[in-house]
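*Asks:* Have a look at this fold, sequence not included:
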């Protein structure tokens, strides 16, 4: 018995297909690796951009907070100035009243006769005033004005001027910390939109919101209200005009100007009624003190 073994010829088609599949898989792996690197770099850059924006925003918010605190300090100094200037005006008026009292012009007994013991006691109380107190008040006023007009404004100008450079320095520091392998000259930070210069402008006069705020605060202090008082004598001066009386007129006010400076004025005068047969009744003013 004879046996014949017939071997089929091998063509190698499966091996070629496997090599192609392995090549495609390698290309896919390389592409996936490249995309992963690109996505990682993009995410890293995005995180860096977010960190730069956040850090710059924090620096700007702190600058704005500092500006708000300086404005509050200005308000406090302005309120103190208003009280000091009003007190200085009162004290100067008292010194002038003291000089009138020493000259007996008008006499103390005359005020007591016309307007009662209260007016006479107020007139006589000016004897205890001292001119040295006026110098101390003026020195305190000068210190508060220096704080408002120079120190705090200089601080505000410095904050406004140096904030853009400070933000840029912080942003560069954050970028360098996120990309330490890159040299500083290989990249450049660009800010696409910045409205800081338009948000803050130097004010020639006091800003309206501070001015209105001070005017509102002024109404909370009775010491800064208008000081207008009239006191009429009970005595009939002349039978030709029995309805007219001697009057003691007190006028005073504390006003904040648009330039941010307080001004106080105080006057007090005796309006005495005179009469003759040709003119009739008329009023004659005798100033006791005038401060403006």
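*Replies:* Right, received. Where do you want to start? Since the model is a prediction, treat every value here as computed from it, not as a measurement. Numbers count the residues shown, from 1 in each chain.
*Asks:* Please report how far the closest residue to residue 263 other than its chain neighbours lies from residue 58.
*Replies:* Closest residue to residue 263 apart from its sequence neighbours, by CB to CB, 6 or more residues apart in numbering: residue 255 at 5.3 Å. (Each C-beta comes from the backbone N, C-alpha and C, glycine too.) To residue 58, residue 255 is 42 Å away according to CB to CB, to the nearest Å.
*Asks:* still on that earlier bit, return the list of helices and strands in contact with the host helix or strand of the residue nearest to residue 263.
*Replies:* For residue 255, the enclosing helix or strand under DSSP states H and E is strand 247-256. Packed against strand 247-256, as judged by 3 or more CB pairs under 8 Å, 6 or more residues apart in numbering; DSSP states H and E, are the following elements: helix 13-103, helix 108-115, helix 208-218, strand 229-232, strand 262-276.
*Asks:* where does the stretch 51-200 of the chain dip in pLDDT?
*Replies:* Scanning the stretch 51-200 of the chain for pLDDT under 70 picks out the ranges 198-200.
*Asks:* Could you rerun that using 80?
*Replies:* Along the stretch 51-200 of the chain, segments meeting pLDDT under 80 span 182, 184-200.
*Asks:* For residue 284, what are phi and psi?
*Replies:* Here is the backbone geometry of residue 284 (degrees, to the nearest 10): phi -120, psi 130.
*Asks:* Tell me what residue 262 is bridged to.
*Replies:* Taking DSSP bridges, one finds residue 256 as the beta-bridge partners of residue 262.
*Asks:* Over to the one 10 residues further on?
*Replies:* With DSSP bridges as the criterion, residue 272 is bridged to residue 284.
*Asks:* which ones are touching it?
*Replies:* Applying CB atoms under 8 Å, 6 or more residues apart in numbering, we find residue 272 in contact with 246, 283, 284, 285, 286.
*Asks:* about what we covered before: quick one: buried residues of the strand holding residue 255?
*Replies:* 247, 248, 249, 250, 252, 253, 254, 256 (16 or more other CB atoms under 10 Å).
*Asks:* Any chance of those residues in JSON lines with pLDDT and distance to residue 236 as columns?
*Replies:* Converted to JSON lines, these look like this (pLDDT from 0 to 100; distance: CB to CB, whole Å):
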{"residue": "247", "pLDDT": "91", "distance to residue 236": "14"}
{"residue": "248", "pLDDT": "91", "distance to residue 236": "17"}
{"residue": "249", "pLDDT": "92", "distance to residue 236": "19"}
{"residue": "250", "pLDDT": "92", "distance to residue 236": "23"}
{"residue": "252", "pLDDT": "93", "distance to residue 236": "29"}
{"residue": "253", "pLDDT": "94", "distance to residue 236": "33"}
{"residue": "254", "pLDDT": "94", "distance to residue 236": "37"}
{"residue": "256", "pLDDT": "89", "distance to residue 236": "43"}
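*Asks:* which among those gets closest to residue 187?
*Replies:* residue 256 (52.3 Å; CB to CB).
*Asks:* And the closest one, how far from residue 113?
*Replies:* 40 Å.
*Asks:* Which member of the buried residues of strand 247-256 is positioned nearest residue 274?
*Replies:* residue 247 (13.0 Å).
*Asks:* Contacts only, for the residue most central in space within the chain.
*Replies:* Centroid check for the chain by CA atoms, centre = their mean gives residue 71 as the closest residue, at 2.2 Å. The contact partners of residue 71, taken as CB under 8 Å, 6+ apart, are residue 210.
*Asks:* so how far is residue 160 from it?
*Replies:* Residue 71 sits 13 Å away from residue 160 when distances are taken as CB to CB.
*Asks:* hang on, the earlier thing: which one of the helices and strands packed on strand 247-256 lies closest to residue 132?
*Replies:* The nearest among the helices and strands packed on strand 247-256, by CB to CB, is helix 13-103 at 10.8 Å.
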